[in-house]
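> Based on what follows, work out the 3D shape:
(3 chains)
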Amino acid sequence: MDVSYILDGLNDAQREAVAAPKNNLLILAGAGSGKTRVLVHRIAWLMEIEHLSPASIMAVTFTNKAAKEMRGRIEQMLDIPARGMWFGTFHGIAHRLLRTHWRDAQLPENFQILDSDDQLRIVKRIMRELNVDDSRWPPKQVQSFINSQKDEGLRAAHLPPVHSIYDKTMAMLYQAYEQQCQQSGMVDFGELLLRSHEIWLNNPALLSHYQERLSYLLVDEFQDTNTIQYAWLRVLAGDKIPIMVVGDDDQSIYGWRGAKIENIQQFQNDFQHAQVVRLEQNYRSTSTILSAANTLIANNGNRLGKQLWTDGNDGEPIDLYAAFNEQDEANYIADRVSAWSQNGRMRSEAAILYRSNAQSRVLEESLIRQAIPYRIFGGLRFYDRQEIRNAVAYLRLVYYRHDDAAFERVVNVPPRGVGNKSVSDLRARAREQSTSLWQATVERLQLGLIKGKAATTLTHFIDMIDGFSIEQENLSLSQLTEQILAESRLLEHHAGEKGEKGQARKENLLELINATKDYEPEDDSVSPLSEFIAQAALDAGERQAEEHEDSVQLMTLHTAKGLEFPLVLMAGMEEGLFPHQMSMEDPVRLEEERRLCYVGVTRAMEQLVMTYAEARRLYGQEKFHPVSRFIREIPTDLIQEVRLKNTISRPVSFSHSSSFSIEEDAPAFHLGQLVAHKKFGEGTVLNYEGKGPHARIQVMFPEHGNKWLVLSYAKLTPL
DNA sequence: CCCCTACTGATCCAC
DNA sequence: TCAGTAGGGG
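All right, here's what the predicted structure looks like:
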């Protein structure tokens, strides 16, 4: 059999990985080293050469997007539908397991997945019921406590004995939350993993069933696995199934959500005889950019160690621009993008990256002012939008009447006169009888215990949902959705919201109908409705209204991971912003910040531009942050400080007060003037700010770059 | 039920 | 600074 198409075009390391024996395998894949390619070719190899059946291969990723991409590329390469193959996220696969083995998992057959919003509502409700003061214990904090325990694989019963009032309160709430979920058959994200891990542990026969059925595991982005995911893989693999993990410890940037970089370091100890392959040849960036990345990341300790290289050329130096303030920074960035597109390049080839979302506003304003189309990546998940969640809640109710979270969400949306009082009444009833809200409502209506307007509207609501269920028989999922949106008047309700919001929400709802069209009845036995509901919880839905106009991409450094752009602009390279204030003290977290910077730098293919602002308004105050240490960690010969053009002009927005003038504060100096400093030599005045003893002046020294100097100390001589 | 005001708090975010 | 929200009054 001709296998050349599997190995052709791969470099030696890639080939070694793809054609490795069917053993444990750790692939350390540097940025831009062809990681996905290796994964896809490896699967092809396993099927074609090792003759593994699709159904015996499981490939795990972190996002649905990655899973979809991998599946698509396999199908394309082998020209067969990757049917029966286990492609998915940890959570997606765990969900599938629980759905199959719901009895072993002690779950109702149609258990529901809680997303974080549902989860928060439940936490709030429990706190109300237990009379826990929510100003002292913020529900969000409780929620994140619960989730991080689950990430660590700990149930309430597993928590070590605790003494502080904080720990006791959290443990008590965790326990109550667990009970509530179990009682109403609801499963949150962490629970999917926890529960499927447990059914394997408690049920050796079931575990060996899977161990016999599967003959190879592959895991992408292994550096992002958390404790429970790692445990899950270890149990499943046992010493039965060989596993290949692919990752890059230098790109581990999700420690704050439970990822354990140690997992990738631990792999060789826990999985016997693992072969290690390093993919270090980079096909993405110029060697200038790679050198910068390499020296930067070398400042971290405890690395598994990799050195990226390329046989490409040096390319352009890294541009560094010291802005007066964040406005000036934004203008400069917009100028660069505009110059880029005037040079005939696509705007979509350029990305503006920043550490925190708050930075995007100023950038957007500049882009708007210069009429440069842009697109913000990330932001709210499609399925997290209010209107979408409402619509999905209707679908959930149609599918499963006892879904309390869904019931609560839409019983009064659009407003139909079922007030807080009625609902809390029903809640109390439901709790007394240990039934669902739906059940309680139906019973109380039958007994005539609900009076007045609430009675009529609730009856109508119940009948409406029942009606949808009946109609569902004859309708496709999209028709059903359309019907629900119309008859419940949800579409009308959202469309009528004031401002542009109404229009946007209407469009999103229409987009939802569109999305349901992928779920028309097939030969599958599972209902499209339940399929769709599960995916609404498990899939972010990359359905941001797609702009077809050529636009610059704006995103945080985190969301940029995995992407690449010919031109990358990194904004806000200042201490306190990046590395972020909250991560500066702790060396462990500081290293994660550095990895994040490494991720940013390695996104750039041809040109990297970094900017920082000497002064920045932050939380209403003007801050002066020094340039980021990460910039100082890049060799200076790779960096070129951008000089201003000879026409020096101050951004209008910069003046602190209108009465400000050169003559008053710095009579001897004016913009563009040549001055001498005893240490830095001759330079040109670029800017100034402040008054009296605080007045500062910015001077560009050819030998030493841009400096802000305090006038009263600097002892500058005009020339 | 809706709107206005007062207050809070503020990285990164997939499932 | 400002965005998001909780609570009171119309």
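> what's near enough to touch the residue nearest to A:Ser436 when sequence neighbours are not counted?
Once flanking residues are discounted, A:Ser436 sits nearest to A:His402: 3.5 Å by Cβ to Cβ, 6 or more residues apart in numbering. Yep, even glycine has a C-beta here, placed from its N, CA and C like the rest. By Cβ atoms under 8 Å, 6 or more residues apart in numbering, the residues touching A:His402 are A:Ser184, A:Gly185, A:Thr435, A:Ser436, A:Leu437, A:Trp438, A:Gln439.
> okay, those in a markdown table with distance to A:Asn203 next?
Formatted as a markdown table, the contacts of A:His402 follow (distance: Cβ to Cβ, whole Å):
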| residue | distance to A:Asn203 |
| --- | --- |
| A:Ser184 | 24 |
| A:Gly185 | 20 |
| A:Thr435 | 30 |
| A:Ser436 | 29 |
| A:Leu437 | 33 |
| A:Trp438 | 32 |
| A:Gln439 | 32 |
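> which among those residues gets closest to A:Asp8?
A:Gly185 (51.6 Å; Cβ to Cβ).
> Could you verify my assumption that that closest one touches A:Phe111?
Yes - counting by Cβ atoms under 8 Å, A:Phe111 is a contact partner of A:Gly185 at 4.5 Å.
> Mind checking which of the two has more residues around it?
Taking other Cβ atoms under 10 Å, A:Gly185 and A:Phe111 do not tie; A:Phe111 has more neighbours (24 against 19).
> The more buried one against A:His95, yeah?
No - in this structure, A:Phe111 is not within contact of A:His95 by Cβ under 8 Å, at 9.5 Å.
> So the most centrally placed residue in chain A: helix, strand or coil?
What sits nearest the mean C-alpha location of chain A, by Cα atoms, centre = their mean, is A:Thr559, with 5.8 Å. With DSSP: H, G, I helix; E, B strand; the rest coil as the basis, A:Thr559 sits in helix.
> Also A:Leu320?
With three-state DSSP as the basis, A:Leu320 sits in strand.
> What about it, how many residues nearby?
When neighbours are defined as other Cβ under 10 Å, A:Leu320 has 23 of them.
> Spit out the contact partners of it.
So A:Leu320 contacts A:Val609, A:Met610, A:Thr611, A:Tyr612, A:Ile631, A:Ile639, A:Gln640, A:Glu641, A:Val642 (Cβ under 8 Å, 6+ apart).
> Pull out the buried members of those.
Among these, those classed as buried by 16 or more other Cβ atoms under 10 Å are A:Val609, A:Met610, A:Thr611, A:Tyr612, A:Ile631, A:Ile639, A:Glu641, A:Val642.
> Tabulate the residues you listed in JSON lines, adding columns for distance to DNA strand C, secondary structure and pLDDT.
JSON lines is the format used below for those (distance: Cβ to the nearest atom of the strand, whole Å; DSSP: H, G, I helix; E, B strand; the rest coil; pLDDT from 0 to 100):
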{"residue": "A:Val609", "distance to DNA strand C": "26", "secondary structure": "strand", "pLDDT": "98"}
{"residue": "A:Met610", "distance to DNA strand C": "25", "secondary structure": "strand", "pLDDT": "98"}
{"residue": "A:Thr611", "distance to DNA strand C": "21", "secondary structure": "strand", "pLDDT": "97"}
{"residue": "A:Tyr612", "distance to DNA strand C": "20", "secondary structure": "strand", "pLDDT": "96"}
{"residue": "A:Ile631", "distance to DNA strand C": "26", "secondary structure": "helix", "pLDDT": "97"}
{"residue": "A:Ile639", "distance to DNA strand C": "32", "secondary structure": "strand", "pLDDT": "96"}
{"residue": "A:Glu641", "distance to DNA strand C": "30", "secondary structure": "strand", "pLDDT": "92"}
{"residue": "A:Val642", "distance to DNA strand C": "28", "secondary structure": "coil", "pLDDT": "87"}
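> between those, which is nearest A:Gln141?
Set against A:Gln141, the nearest of the buried ones among the contacts of A:Leu320 by Cβ to Cβ is A:Tyr612 (33.3 Å).
> Report the separation between the closest one and A:Thr717.
28 Å (Cβ to Cβ, to the nearest Å).
> how many neighbours does the one residue in the stretch 601-719 of chain A that gets nearest to DNA strand B have?
Nearest to DNA strand B, among the residues of the stretch 601-719 of chain A, is A:Tyr619, at 4.1 Å (Cβ to the nearest atom of the strand). Neighbourhood size, A:Tyr619 [other Cβ under 10 Å]: 6.
> what does A:Pro718 give?
Per other Cβ under 10 Å, the neighbour tally for A:Pro718 reads 13.
> same check, this time on A:Ser56
Look at A:Ser56: counted by other Cβ under 10 Å, it has 19 neighbours.
> what about the nearest residue to it once chain neighbours are set aside, distance to A:Glu75?
Leaving aside its chain neighbours, A:Ser56 sits nearest to A:Ser215 (4.2 Å; criterion: Cβ to Cβ, 6+ apart). A:Ser215 sits 20 Å away from A:Glu75, going by Cβ to Cβ.
> So for the two, which sits in the more crowded spot?
Set side by side, A:Ser215 and A:Glu75 show more neighbours around A:Ser215, with 19 against 14, by other Cβ under 10 Å.
> Alright, that wraps it up for me.
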